[in-house]
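Q: Give the three-dimensional model of this entry:
(chains A, B, C and D)
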Number of protein chains: 2
Amino acid sequence: MSGAHSHNHQHCIDAALARAAAICTDAGAKLTAQRQAVLQLVWQSHKPLGAYPLMNQLQQLTGKIVAPPTVYRALEFLLEHGLIHRVHSLNAFIGCDHPGEPHSGQLLICRACGDAQELDSETINTSIAQLLPANGFSAERIMLEITGLCRNCQGAKHE
Amino acid sequence: MSGAHSHNHQHCIDAALARAAAICTDAGAKLTAQRQAVLQLVWQSHKPLGAYPLMNQLQQLTGKIVAPPTVYRALEFLLEHGLIHRVHSLNAFIGCDHPGEPHSGQLLICRACGDAQELDSETINTSIAQLLPANGFSAERIMLEITGLCRNCQGAKHE
DNA sequence: CCGCCTATGTTATACCATTGCGTTTTTTCG
DNA sequence: CGAAAAAACGCAATGGTATAACATAGGCGG
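A: Okay, here's the model as predicted:
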């Protein structure tokens, strides 16, 4: 596994980094080199990336030893500013497709290839929004994670 | 913490255990004493219960030392048979309100009191179901967890 | 009795995340 | 500018979550 992606999505990464920079400037937050490096690595991985793999990659990238708190602090910053999502079912992280906009992180996670795709279905959002008042519940964080098989993996099925 | 619940929901627990026994018999699975004890403890807690607290309670209940794999194996069994749900955002477990029926574990989790309430909204289910074909995705597990403030905690709590 | 399957026990370890503290860097402002 | 304050970072240790690997015990059909 060394940069062998058939499709080069360097421009996606660059775009994401640019958007991130803009958002941080806007918010008066500092996208330091380290945070940017973490964001880049998260984006660079098509799949949700765990904190420790990320840590290793960060070490390779910077040539320095990196301890867990370092990477977690960067991740926390990026989460706070909506630049990445946490994928709870995998204990991993993934770049956010449309930072800046309000959205709730709807994810389709393929258990075969590991890819994750972000959705933003208004239908689902409104269904949920309509449901809450009936329960007197005030929502702060909505997390929808759907695990299954993506289009590509359905034909070539394992198990 | 010694049985200090103001509301005695022993009958809920008993009902859940009875249903569980029926479901297991039906499925040809064995609800052993240990698994039943774990199920009881999970139900006994109004709130989602972590594996290690559960382990401690199980030790007190049985008077024997219990190792992590023991409790995880029981939890795995209960999950497989739909008798409990895993709450990913808390790394915890909660009794399932309506085992036996197909449902997808929609949860309202109050961050103030820690209570969790299970939903089963057809509206949401159909929204999701309609969304999947467009993405060519075949869903196997759908997980919706909503964190916020429940009715009781909204008045009392700030921030 | 014997072999098989399931459940369980036991030890160790992998994996995920945070706390606490001290140092360096950056920002702020007189 | 230069000192005080704040933010980011490095580092060591620890806490919390989950599983691997191997051993043991008991039911059950041949």
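Q: Three-state assignment for residue A:66, please.
A: coil (DSSP: H, G, I helix; E, B strand; the rest coil).
Q: where does chain A come near DNA strand D, residue by residue?
A: A:29-30, A:32-35, A:64-70, A:73-74, A:77 (C-beta under 7 Å from any atom of the strand). Placement of C-beta: from N, CA and C, glycine included.
Q: how about a cut-off of 10 Å?
A: Counting by C-beta under 10 Å from any atom of the strand, chain A comes close to DNA strand D at A:24, A:28-38, A:58, A:62, A:64-74, A:76-77, A:80, A:88, A:91.
Q: And the residue nearest the centre of chain A?
A: residue A:94 (2.0 Å; C-alpha atoms, centre = their mean).
Q: quick one, helices of chain A?
A: Applying DSSP state H to chain A gives helices spanning A:10-27, A:33-44, A:51-62, A:68-80, A:122-135, A:151-155.
Q: Out of those helices, flag the one nearest residue A:100.
A: Closest of those to residue A:100 is helix A:10-27, at 5.5 Å (criterion: C-beta to C-beta).
Q: Tell me the pLDDT of the residue lying farthest from the centre of chain A.
A: In terms of distance from the mean C-alpha position of chain A, residue A:134 ranks first, at 31.3 Å (C-alpha atoms, centre = their mean). On pLDDT, residue A:134 comes in at 91.
Q: And the one 10 residues further on, by the same measure?
A: Residue A:144 is assigned a predicted lDDT (pLDDT) of 96.
Q: residues near the nearest residue to it once chain neighbours are set aside, how many?
A: Using C-beta to C-beta, 6 or more residues apart in numbering or on different chains and skipping residues adjacent in sequence, the residue nearest residue A:144 is residue A:106, 4.5 Å away. With neighbours defined by other C-beta atoms under 10 Å in any protein chain shown, the count for residue A:106 comes to 21.
Q: DNA strand C versus residue A:106, what's the distance?
A: 19 Å (C-beta to the nearest atom of the strand, to the nearest Å).
Q: ok, for residue A:87, nearest residue in space, not its chain neighbours?
A: Here the residue nearest residue A:87, using C-beta to C-beta, 6+ apart, is residue A:48, at 4.4 Å.
Q: coming back round to it: looking at the helices of chain A, which is nearest to residue A:98?
A: The nearest among those, by C-beta to C-beta, is helix A:10-27 at 8.7 Å.
Q: quick one: least confident helix or strand in chain A?
A: helix A:151-155 (a mean of 88; mean pLDDT, DSSP states H and E).
Q: same for that helix, what does it pack against?
A: Counting contacts by 3 or more C-beta pairs under 8 Å, 6 or more residues apart in numbering or on different chains; DSSP states H and E, helix A:151-155 packs against no other helix or strand.
Q: So which bits of that helix are buried?
A: Using 16 or more other C-beta atoms under 10 Å in any protein chain shown as the test for burial, helix A:151-155 gives residue A:153.
Q: and the longest strand along chain A with helix B:122-135, angle?
A: Under DSSP state E, the strand in chain A containing the largest number of residues is strand A:138-149. Going by axes from the mean of the first three to the mean of the last three C-alpha atoms, to 10 degrees, strand A:138-149 is angled at 40 degrees with respect to helix B:122-135.
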